[in-house]
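*Asks:* have a look at this prediction, sequence included:
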Amino acid sequence: MLFDQETLDKLITFRHELHRYPEVSSQEQETSTRVTDFITQYEPDEIIRNLGGYGVAAIYNGIQTGPTVLIRCELDALPITETGNLPYKSNYSGTAHLCGHDGHMAMVLGVATLLHRTRPEKGRVVLLFQPAEETGAGAKAVIRDPGFARISPDYAFSLHNLPGEALHNVGIKEGSFNCASQGLWITLEGKTSHASHPEDGISPATAMCELVTAFTQLPAKTEFANDFALVTVVHAHLGDEAFGITPGFAKVMVTLRSETDRIMALLQERSETLIKGVAEKYGLKTDFGYEDIFAASTNDSKATDILKSAFEDENILCKEMPSPMRWSEDFGQFGKISKSAMFTLGSGLNQPQLHNPDFDFPDELIETGTRIFHRVIRTILGPRN
């Protein structure tokens, strides 16, 4: 057993506390303070606060100089109302930890309890509690923060629990691991008129329908034939709810998704050409923009091998993933500055899916995730035993 029962119970209790007091992206002030207070008792050599918002980094120095290994988890919850009757159910209506970030934090805090007991032989470990993962803004903000220059990791590792996979089993893939995605909104502006004289107005109705159809068909274009690309129409609105008025305004929202940043750039280019062409065809004013921007997450070959070695050393069953996860993760930003890799950790075959109102992170995964992260640290920085 990695922990004594008292320490494990402490981590589980704290996970439940985090679950009761969730905060959405960029509003994690209370969560940040709770994490800082908890980890302080395990005496890191340095704590950096307010990284990219409410981010927290706890640093444990090794005995000798060496590489910096960053272990990252997420602070934020989701703007969804939790259902069910957990004794530690969210206290905040409309906000809940329904992605398991509370459990991810507990795992990384578990690593802190072990580093407090035994420092690495060399280098240093940075335990990063990152804000605003769900919106794709957090990792970029952390890396751009002047305080992050003091961290500058050589390696970065993270995980995400995965419902539908057997409890404790892991999944990994070298190269593309999580898809890039972006939310694209488009407005089409014409002119209203009385519904009895539609010819006196400029309705965006036909243009909106044409745009929705064209977006749905965009990934089938020949230029995307050899790469994964997906466009999902998530919202379309036309005019007002009034029988006497022809519409003068429409809004369409789509999600662009691709396996690589290169294909994402091409999707953007083709989408913008499509928008401008339709607006011009129907004599409409148009505007568009992007939100929830996630870069592709790519696993470095060396970092992936280190994780595979850790799984083997810990006797954890590893599944080689045939394709990237379709959902996005802003951990991809860390791959631009370090050798990084991410893996999935099965949270149960019958577990509710992520972002479902009845999802709850399985406490029995806390020790598993901690074991893997701690083994990675020992592999790179020592001590081996």
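*Replies:* Done, it's in.
*Asks:* and the helices in the protein?
*Replies:* 5-20, 29-40, 101-117, 138-144, 205-217, 261-281, 301-313, 365-381 (DSSP state H).
*Asks:* want to try JSON lines for the ones you listed, with mean pLDDT and mean neighbour count as columns?
*Replies:* To be clear about C-beta, it is placed using only N, CA and C from the backbone, and glycine gets the same treatment. Output for the helices of the chain, formatted as JSON lines (pLDDT from 0 to 100; neighbours: other CB atoms under 10 Å):
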{"stretch": "helix 5-20", "mean pLDDT": "97", "mean neighbour count": "17"}
{"stretch": "helix 29-40", "mean pLDDT": "98", "mean neighbour count": "18"}
{"stretch": "helix 101-117", "mean pLDDT": "98", "mean neighbour count": "24"}
{"stretch": "helix 138-144", "mean pLDDT": "98", "mean neighbour count": "22"}
{"stretch": "helix 205-217", "mean pLDDT": "97", "mean neighbour count": "17"}
{"stretch": "helix 261-281", "mean pLDDT": "97", "mean neighbour count": "16"}
{"stretch": "helix 301-313", "mean pLDDT": "98", "mean neighbour count": "17"}
{"stretch": "helix 365-381", "mean pLDDT": "98", "mean neighbour count": "23"}
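*Asks:* tabulate the ones you listed (TSV), appending distance to Tyr155.
*Replies:* Output for the helices of the chain, formatted as TSV (distance: least, CB to CB, whole Å):
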stretch	distance to Tyr155
helix 5-20	24
helix 29-40	20
helix 101-117	14
helix 138-144	15
helix 205-217	39
helix 261-281	21
helix 301-313	6
helix 365-381	6
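*Asks:* can I see the domain layout of this protein?
*Replies:* Segmentation of the chain into domains, based on automatic domain parsing, reads 5-179+296-381, 180-294.
*Asks:* okay, how far is it across the last one, tip to tip?
*Replies:* This stretch, domain 180-294, spans 5 Å end to end (CA to CA, to the nearest Å).
*Asks:* make residue 1 into 54 and carry on from there
*Replies:* Right, with 54 as the first residue, what we last looked at is domain 233-347.
*Asks:* what residue is smack in the middle of the chain?
*Replies:* Glu382 (3.3 Å; CA atoms, centre = their mean).
*Asks:* what about that residue, distance to Thr351?
*Replies:* Between Glu382 and Thr351 the computed distance is 11 Å (CB to CB, to the nearest Å).
*Asks:* spell out which residues are contacts of both of the two.
*Replies:* Contact criterion CB atoms under 8 Å, 6 or more residues apart in numbering; residues shared by Glu382 and Thr351: Phe230.
*Asks:* from start to finish, how long is stretch 115-133 in a straight line?
*Replies:* For stretch 115-133, the end-to-end distance is 41 Å (CA to CA).
*Asks:* and that stretch, what's buried?
*Replies:* With burial defined by 16 or more other CB atoms under 10 Å, the residues of stretch 115-133 counted as buried are 115, 119-131, 133.
*Asks:* filter these down to the ones in strands?
*Replies:* The strands, defined by DSSP state E, take in Gly119, Pro120, Thr121, Val122, Leu123, Ile124, Arg125, Cys126, Glu127 from these.
*Asks:* now distance to Ile390 too, for those, in CSV please.
*Replies:* Below are these laid out as CSV (distance: CB to CB, whole Å):
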residue, distance to Ile390
Gly119, 18
Pro120, 13
Thr121, 11
Val122, 13
Leu123, 10
Ile124, 15
Arg125, 12
Cys126, 18
Glu127, 18
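*Asks:* for Gly156, give me its contacts.
*Replies:* Gly156 makes contact with Arg68, Asn214, Phe414, Pro415, Asp416, Leu418, Ile419, Gly422 under the criterion CB under 8 Å, 6+ apart.
*Asks:* who's in contact with the closest residue to Ala165 other than its chain neighbours?
*Replies:* Leaving aside its sequence neighbours, Ala165 sits nearest to Tyr95 (CB to CB, 6 or more residues apart in numbering; 4.5 Å). Listed by CB under 8 Å, 6+ apart, the contact partners of Tyr95 are Leu162, Ala165, Thr166, Leu168, His169.
*Asks:* looking at those, which is nearest Asp90?
*Replies:* Checking the contacts of Tyr95 against Asp90 with CB to CB, the nearest one is Leu162 at 11.1 Å.
*Asks:* the closest one and Phe67 touch, don't they?
*Replies:* Yes - between Leu162 and Phe67 there is a contact under CB atoms under 8 Å: 6.8 Å.
*Asks:* what is in contact with those two at once?
*Replies:* Common neighbours of Leu162 and Phe67, counting by CB under 8 Å, 6+ apart, are Phe91.
*Asks:* which residue sits closest to the residue nearest to the centre of the chain, ignoring its sequence neighbours?
*Replies:* Asn231 (4.2 Å).
*Asks:* and that neighbour, how far from Val122?
*Replies:* Asn231 is 21 Å from Val122, by CB to CB.
*Asks:* ok, now Ala278?
*Replies:* Distance, Ala278 to Val122, using CB to CB: 40 Å.
*Asks:* Val109 too?
*Replies:* 17 Å.
*Asks:* now Phe182. Nearest residue, chain neighbours left out?
*Replies:* Among residues not flanking Phe182 along the chain, Val109 sits closest, at 4.4 Å (CB to CB, 6+ apart).
*Asks:* quickly note the distance from the one you found to Val307.
*Replies:* Distance, Val109 to Val307, by CB to CB: 35 Å.
*Asks:* and Glu382, by the same measure?
*Replies:* Taking CB to CB as the measure, Glu382 and Val307 are separated by 20 Å.
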